[in-house]
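In: Here's a sequence, model it:
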Amino acid sequence: MPEKNSHIAVNFLVRGILGAALIFFVNQFLNSKGVSLSVGLNPITFITSGALGMPGVALLYGITFYRGL
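Out: Residues are numbered from 1 along each chain as shown. Below you'll find the model as predicted:
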């Protein structure tokens, strides 16, 4: 059973780190194109991307886009 728990924790951390990197690079890309749409890098976005993966990152950008309307 400890192997399963460690697998879940490692999976969460990897998704969180990759999600944070994706947010960073998408923010840089949008900034270079002159689009003022950016998602902040903070513990909430890390937890969201860690729990939901790439769909969570898309959700964060969707929420940010919706708030900017």
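
In: Next, find the distance separating Pro43 from Lys33.
Out: 28 Å (C-beta to C-beta, to the nearest Å). Every C-beta, even on glycine, is put in place using the N, C-alpha and C of the backbone.

In: For the longest helix along the chain, buried residues please.
Out: The residue-count maximum for a helix in the chain (DSSP state H) belongs to helix 2-32. By 16 or more other C-beta atoms under 10 Å, the buried positions in helix 2-32 come out as 12, 15-16, 19-20, 22-23, 26-27.

In: what do you get for stretch 43-59?
Out: So stretch 43-59, judged by 16+ other C-beta under 10 Å, has buried residues 45-46, 48-50, 53, 56-57.

In: possible to save those as JSON lines with distance to Glu3, secondary structure and pLDDT?
Out: Listed next are the buried residues of stretch 43-59 as JSON lines, based on distance: C-beta to C-beta, whole Å; DSSP: H, G, I helix; E, B strand; the rest coil; pLDDT from 0 to 100:
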{"residue": "Thr45", "distance to Glu3": "29", "secondary structure": "helix", "pLDDT": "96"}
{"residue": "Phe46", "distance to Glu3": "24", "secondary structure": "helix", "pLDDT": "97"}
{"residue": "Thr48", "distance to Glu3": "26", "secondary structure": "helix", "pLDDT": "96"}
{"residue": "Ser49", "distance to Glu3": "24", "secondary structure": "helix", "pLDDT": "96"}
{"residue": "Gly50", "distance to Glu3": "20", "secondary structure": "helix", "pLDDT": "96"}
{"residue": "Gly53", "distance to Glu3": "21", "secondary structure": "coil", "pLDDT": "94"}
{"residue": "Gly56", "distance to Glu3": "25", "secondary structure": "helix", "pLDDT": "96"}
{"residue": "Val57", "distance to Glu3": "28", "secondary structure": "helix", "pLDDT": "97"}
